[in-house]
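Colleague: got a predicted structure here, sequence first:
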Amino acid sequence: MSTILKHRIKWLRILIMASLVAALFIPSLVVFADDGGPTVESVNGAVQGVSLDLNTLWLFIAAFLVFFMQAGFALVETGFTRAKNVAHTMMMNLMVFCVGAIGYWATGFAIQFGGINFVYPEISSSLPAWSFAPVTLSNWVSDKLVSPLLIGGSNVFGLDGFFLNGVTLSSGILAFFLFQMVFMDTAATIPTGSMAERLKFSGFVLMGLWVSMFIYPLVGNWVWGGGWLANLGRSIGWGNGVVDFAGSGVVHMIGGAVALAGAIVIGPRIGKFNKDGSANTIPGHNISLGVLGTIILFFGWFGFNPGSSLGFTGGLRNLAILAAVNTLLAGAAGGMSAMFYMWWFSKAKKPDPSMSVNGVLAGLVAITAPCAFVDVWASVVIGLIAGVWVCLASVLLERLKIDDPVGAIPVHFCNGLWGVLAVGIFANGNPDTAAWNGISTPVTGLLYGGTTQILSQTAEALSIIVFVGGLSFVFFKVISALGLLRVSAKDELAGLDLPEMGSLGYPKDWEPSSTALKGLPGEKGKVTSVPVPVD
Amino acid sequence: MSTILKHRIKWLRILIMASLVAALFIPSLVVFADDGGPTVESVNGAVQGVSLDLNTLWLFIAAFLVFFMQAGFALVETGFTRAKNVAHTMMMNLMVFCVGAIGYWATGFAIQFGGINFVYPEISSSLPAWSFAPVTLSNWVSDKLVSPLLIGGSNVFGLDGFFLNGVTLSSGILAFFLFQMVFMDTAATIPTGSMAERLKFSGFVLMGLWVSMFIYPLVGNWVWGGGWLANLGRSIGWGNGVVDFAGSGVVHMIGGAVALAGAIVIGPRIGKFNKDGSANTIPGHNISLGVLGTIILFFGWFGFNPGSSLGFTGGLRNLAILAAVNTLLAGAAGGMSAMFYMWWFSKAKKPDPSMSVNGVLAGLVAITAPCAFVDVWASVVIGLIAGVWVCLASVLLERLKIDDPVGAIPVHFCNGLWGVLAVGIFANGNPDTAAWNGISTPVTGLLYGGTTQILSQTAEALSIIVFVGGLSFVFFKVISALGLLRVSAKDELAGLDLPEMGSLGYPKDWEPSSTALKGLPGEKGKVTSVPVPVD
Amino acid sequence: MSTILKHRIKWLRILIMASLVAALFIPSLVVFADDGGPTVESVNGAVQGVSLDLNTLWLFIAAFLVFFMQAGFALVETGFTRAKNVAHTMMMNLMVFCVGAIGYWATGFAIQFGGINFVYPEISSSLPAWSFAPVTLSNWVSDKLVSPLLIGGSNVFGLDGFFLNGVTLSSGILAFFLFQMVFMDTAATIPTGSMAERLKFSGFVLMGLWVSMFIYPLVGNWVWGGGWLANLGRSIGWGNGVVDFAGSGVVHMIGGAVALAGAIVIGPRIGKFNKDGSANTIPGHNISLGVLGTIILFFGWFGFNPGSSLGFTGGLRNLAILAAVNTLLAGAAGGMSAMFYMWWFSKAKKPDPSMSVNGVLAGLVAITAPCAFVDVWASVVIGLIAGVWVCLASVLLERLKIDDPVGAIPVHFCNGLWGVLAVGIFANGNPDTAAWNGISTPVTGLLYGGTTQILSQTAEALSIIVFVGGLSFVFFKVISALGLLRVSAKDELAGLDLPEMGSLGYPKDWEPSSTALKGLPGEKGKVTSVPVPVD
């Protein structure tokens, strides 16, 4: 085997082996089952087993942390909107998970990963095509490849695994499903922020299905499911093809593009913009909840970014740890630069809480794609820029008369874009990233002499803008025409809680009627264990 | 060794070995200590060590997640009750852990697991009796079995390990203690919901001791501590005996049965029921907290259910992952079906937040027992049914004039029951569950031809209803007779915070008196670092 | 090699080996790369790799949990202060992480650990000096020791690794950096509590830099970075030198000493003390948030204390598990004793929520140093004492006219002190702690015949009081003289949110102006997808 080929598969071997071992189900401690004592082969099998267990455990824990981000989104969106819409905003953030989970199980996972083992173009006849996918699930349908929908030979749409049917349910695939499910949900929850305080609940349910069942899996396939964007390196020589470690593009730009299309179609909240075109600030009702949500999101991001190593042995561990440190520093840097920008340059000259919070989130979004590919100093630079960029983008958005109550678009769309491009600039040629997407050289950006990686990254950004933004614009136009997108002006003014949800977020304490109080024992009376008399 | 025997012990070997290794304390890296370089035996020992480490790490992390559920319970119960009882409800949910931890350490763990190594009936003289317990702690009291209290030869009450005394404190036992402690606490916190807004704080403390020190460990022993319910398979041929992976019965039905007995004895809140028998809706004061609590509970459930594999190597890993995916989908399905049920069929025709939340929790409770035994599609079915059942059960409870402010009984008792029975219906004969409770065949429900498993499951449900419900009814009657159960009507109407806790949950901001303000510097004055002059 | 030397290095070998392996980067599954099948050596290498992976994974997860404590601090401090300062208090707790992370990256880590491999006095010429550090990062600067600043031969100030420069960035060092970073931040966030409701935001930023860049790393070096306190055992025979498992001293007393100095210099809030010297109780505005924060802190403490084992294989696992169980019981015991103390002995005779919360935290702080060194029963005793001590210390502090709004000093300073001393009293000679700080005997306190450990512990406490307290007093005096410490009396009375942050914590819902509402569709009108007309 040539050195180059060896190199190419270095990165992939662990996951491939993991899948094979999972398929065969070799118990880790099989060594004890042999009557004749351990042999080198039996011990070797046991070590492989434990390595698989460890990789899976990490994927598992990371998935839980990402799941918990749902609480962060719920609090940030609710805290930074008004009290009269609390029940509506919290419920959107809870139910988007319920709706999305069922939708992703039904069709999403199949579309995104149903053709993962089909990779075009092939490289070598001595190795199966799927060796070059960043993730390989070799026992999907008992190793029989099911061809995805192809355009020009490229995988653009998976056709296998609806309702997880037809999939040999090794624990490896299930763990991977769990992890991808919570990632999808992160994208699906972003648009509830930009359309908050005026989105009909039925329109929200349809949006949740749109993201989980179709649009996220479609473009997610192209980057992470063996699709054409991931293969731009081998097909036309653009770096390693699209490289997006944890999804600045796949998760945040997709969610942000849906959020942008939705905000444009649904229109601004009543009163947001004045006759003269100026914008009013509509403060959120509860900074405590908003900041708590931000810390929860930061906590969950330690699953989101490092967890995207998909394993924790050897080189995968190195990638995970670098991702964690870079995530921490970029988030901190984003918060600092946004805070000081507002403190020094805004009209109010104060360290504004809501922009500081968005600065932290912007830094986190921006480092999501490059976190495992850049030096520690670069993560600080990326975060510092993100914190200022989110402030500027927020102003720009208001100039464009787009109303985004919680800043979902500046945070996720604008800084997702920054993160995708940052890979093409700062990627440092880390040897642990050699063989990414089947290209033997490591991921290398402009600053380190890689001149074509930025082209792939630009292709990812444009694809998301055109396909996710464009198709979602049409989608929202249709449900708007059906009268399912926006509540009536009357309901919006009253607050959405009673008309849409039937419950206020913060009702006054209910008190019993005066007749119910008749016959109650007096001040010194003691209510005993029989039911209180009610009249 | 016959094939059948081999089969039987496959499932148990890992834990048994883990305990033995823990007892001997073989450091994982002992291979480095040998001057003569590694041998097959030394490397084999090292692999065993790392496997034990990994299993323990998983148990450990799962325990932390379960601990965190305490925050979820606190928020759900407080959010869905009234503002005038906030300090009281939050404090119950914090202190139930403090009281329960000390109580479980003192007596609970000993009663539940003090006889775990004693199993009746024995199967084979060539294997020690304890080989057939689902969990084996072989070095408990230096391998010397201490007989529990026996009735008809069966373990019904452990008699060893009070205050962890007499227990060789290997780290295995301590990790197991940690895990079981947080499980117990989940059960103990359920009744604070059904008795909220009227329970005396001293009565609450006694209830916490009742659950942690006695009633939970007693019945928990029967299912998980080697007791008679777990052995119904070998004693009278009912399937694999009682099978309850993570405690739909042991935790949720026990907690729910105490909650039910308590709600009956303490009686409804003043004004809950009208003269004509109709019920009033008493809305909770803070939907944000309630929904946040629900997401925290969902997050913690990923420790609760998958963690009940008690390990993460080989087959244990497979069980954990299947449990996680099923937990996710059942919770999502429960939320969806409850939401749509309320939206389409309730009087209000709205996607009611509080019932949607309870639908999520109902799905999670229902999948808790079957999560590692059923197919993915079945978990969706179980969750969908749970979401509707919790709505119907809530109505039923009001018809019975039982007042349960947060729906603890419909969620935990009613859906715990559904989960226990669902094992007997949907268990799919997963080979990883062979040898469960010492029965060589895997756990198999009605749909897969197992006709007797449902009998064991019914026995678990009835035992909990009769023993936990019955004894707790007597317990609450006694403390009610002592005047320790319910606050006075006056205190209930005023809110429990000041009379019971001495503090309001949400006091108005305290302001200094006017005399304190005299002599302060004026508008432009600056307070320096010396203490502000107070007059 | 003599038995004593063997003993000495037993404890250290795993970490040393881990670092070496990290330096060499042996992929765990290298066995598959050999064409000729596995050998004993290749399998042995793989086992070493997986052990390193597992240790790192634990460090990693523990770091995330500690990070999440930031949310707990934010909620406790905000919940127990007034609504008019909510945005200010929450923002301090978010930004202290952002500011601190950048500061610690710039200088803190270098000062604390830049000389870790230099240990004085050396023991044996056959082993490198660094073998006796509790943590060894052998490949720091390619194994070339960079001498720290020395006084009398002892390491008092690291001089290497500013901005992580000059450090070979193995994943081991990065994971260690991550872990130490979040520890530092815990200390930095404590003073925001004692100075809440009157601290200028610019003064807060300076305080964050003071702690993260200088004072915490300085004294942290002395105990954990190979400094003179850690070596008191070998230099003058005081037990094992200073032993502080997870930082009752290093984190909590340091943070508490800064908090104490700050509270003294900044002075009490307006109106806290009356003319006659009596104190007013200023209740916090939101018990829900305060209790939620406490549970989050408890959850995070399971990373804080057990995570300080820095690994999870063999003896490290044993220490981690003992630490977890002791942490759980001490926290519970602290909560119980504080609750009952207030219930039985306070004037109000109620189970006061805020003191119960502080009792839980006091128990957790007190067990932080001794958690891996004491028996389970001792952790209960330590916790029970902590719960009463925090109540008494709170009264004492008010007698001294020191105003500490959230009890940061009684909890962290006073109980940190108790925890540091408790090691010298209760340490049980656990053999897993032999070789700690290069002393062959295990850590042993007064009750087990170790008469000199208490001297080392006292030295740690005094050093923190003198150096951290003293230098911080000077620091706060200086920024106070510069007018950067305390807000004006006018701003304090109005609440800090608008004057300092520009945003209220809980603003009333913004409503559109009447002109904005003109021309809106009537009751039955439907707002379509074009923007709402604004006039």
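Modeller: Now that the structure is in, tell me what you want to look at.

Colleague: which bits of the stretch 51-200 of chain A sit near chain B?
Modeller: Residues of the stretch 51-200 of chain A lying near chain B by C-beta under 8 Å from any C-beta of the partner chain: A:53-54, A:56-57, A:60-61, A:63-64, A:67-68, A:70-71, A:74-75, A:78, A:86-87, A:90-91, A:93-95, A:97-102, A:105, A:163-164, A:169, A:171, A:174-175, A:177-178, A:181. Heads up, the C-betas are built off the backbone N, CA and C, glycines and all.

Colleague: which among those residues end up buried?
Modeller: A:53-54, A:56-57, A:60-61, A:63-64, A:67-68, A:70-71, A:74-75, A:78, A:86-87, A:90-91, A:93-95, A:97-102, A:105, A:164, A:169, A:171, A:174-175, A:177-178, A:181 (16 or more other C-beta atoms under 10 Å in any protein chain shown).

Colleague: out of these, which are close to chain C?
Modeller: Applying C-beta under 8 Å from any C-beta to these, those adjacent to chain C are A:54, A:57, A:61.

Colleague: tilt between whichever helix or strand the first one is part of and helix C:40-79?
Modeller: If I follow you right, that is residue A:54. Assigned by DSSP states H and E, residue A:54 belongs to helix A:40-79. Compare the direction of helix A:40-79 with that of helix C:40-79 by axes from the mean of the first three to the mean of the last three C-alpha atoms, to 10 degrees and you get 20 degrees.

Colleague: could you identify the helix or strand that succeeds helix A:40-79?
Modeller: Going down the chain from helix A:40-79, the next helix or strand is helix A:86-103, by DSSP H and E.

Colleague: which elements pack onto that next one?
Modeller: Packing partners of helix A:86-103 (3 or more C-beta pairs under 8 Å, 6 or more residues apart in numbering or on different chains; DSSP states H and E): helix A:40-79, helix A:171-189, helix A:191-194, helix A:201-210, helix B:287-304, helix B:315-345, helix B:353-368.

Colleague: next one: it to chain centre, how far?
Modeller: 15 Å (C-alpha atoms, centre = their mean, to the nearest Å).

Colleague: now stretch A:435-452
Modeller: On C-alpha atoms, centre = their mean, the centre of stretch A:435-452 falls 24 Å from that of its chain.

Colleague: residue ranges with poor pLDDT in chain A?
Modeller: In the predicted model of chain A, residues A:1-36, A:119-146, A:166-170, A:519, A:521-535 satisfy pLDDT under 70.

Colleague: now it against chain C: closest residue?
Modeller: Residue nearest to chain C within chain A: residue A:271 (2.4 Å; C-beta to the nearest C-beta).

Colleague: skipping its backbone neighbours, what lies nearest residue A:90 in space?
Modeller: In this structure, residue A:90 finds its nearest non-sequential neighbour in residue B:291, 4.1 Å apart by C-beta to C-beta, 6 or more residues apart in numbering or on different chains.

Colleague: ok, that neighbour touching residue A:95?
Modeller: No - counting by C-beta atoms under 8 Å, residue B:291 does not reach residue A:95; the two are 9.8 Å apart.

Colleague: could you count how many residues lie near residue A:514?
Modeller: Residue A:514 has 9 neighbours, counted by other C-beta atoms under 10 Å in any protein chain shown.

Colleague: tell me which of the helices and strands packed on helix A:86-103 sits most buried.
Modeller: Highest mean neighbour count among those (mean count of other C-beta atoms under 10 Å in any protein chain shown): helix B:353-368, with a mean of 32.

Colleague: and residue A:508, how many neighbours does it have?
Modeller: For residue A:508, using other C-beta under 10 Å, the count is 10.

Colleague: just say helix, strand or coil for it.
Modeller: On the three-state scheme (DSSP: H, G, I helix; E, B strand; the rest coil), residue A:508 is labelled coil.

Colleague: got it, and residue A:150?
Modeller: Per three-state DSSP, residue A:150 ends up strand.

Colleague: contact partners for residue A:402?
Modeller: By C-beta atoms under 8 Å, 6 or more residues apart in numbering or on different chains, the contact list for residue A:402 reads A:260, A:263-264, A:268, A:409.

Colleague: 6 Å - rerun?
Modeller: If you count contacts by C-beta atoms under 6 Å, 6 or more residues apart in numbering or on different chains, residue A:402 has them with residue A:263.

Colleague: can you pull the phi and psi angles for whichever residue of chain A sits closest to chain B?
Modeller: Using C-beta to the nearest C-beta, the single residue of chain A nearest to chain B is residue A:512, 2.4 Å away. When read as degrees, to the nearest 10, the backbone of residue A:512 gives phi -70, psi 150.

Colleague: tell me how far it lies from residue B:268.
Modeller: From residue A:512 across to residue B:268, the span is 11 Å (C-beta to C-beta, to the nearest Å).

Colleague: what do you get for residue A:277?
Modeller: Distance of residue A:277 to residue B:268, given as C-beta to C-beta: 57 Å.

Colleague: settle it for me: which of the two has more neighbours?
Modeller: Between residue A:277 and residue B:268, counting by other C-beta under 10 Å, residue B:268 is the more crowded of the two (20 against 10).

Colleague: so which strand or helix has the closest residue to that one other than its chain neighbours?
Modeller: Nearest residue to residue B:268, sequence neighbours excluded (C-beta to C-beta, 6+ apart): residue B:403, at 3.2 Å. Counting by DSSP H and E, no helix or strand carries residue B:403.

Colleague: wait, residue B:403 sits on residue B:270?
Modeller: No - counting by C-beta atoms under 6 Å, residue B:403 stays clear of residue B:270, with 9.9 Å between them.
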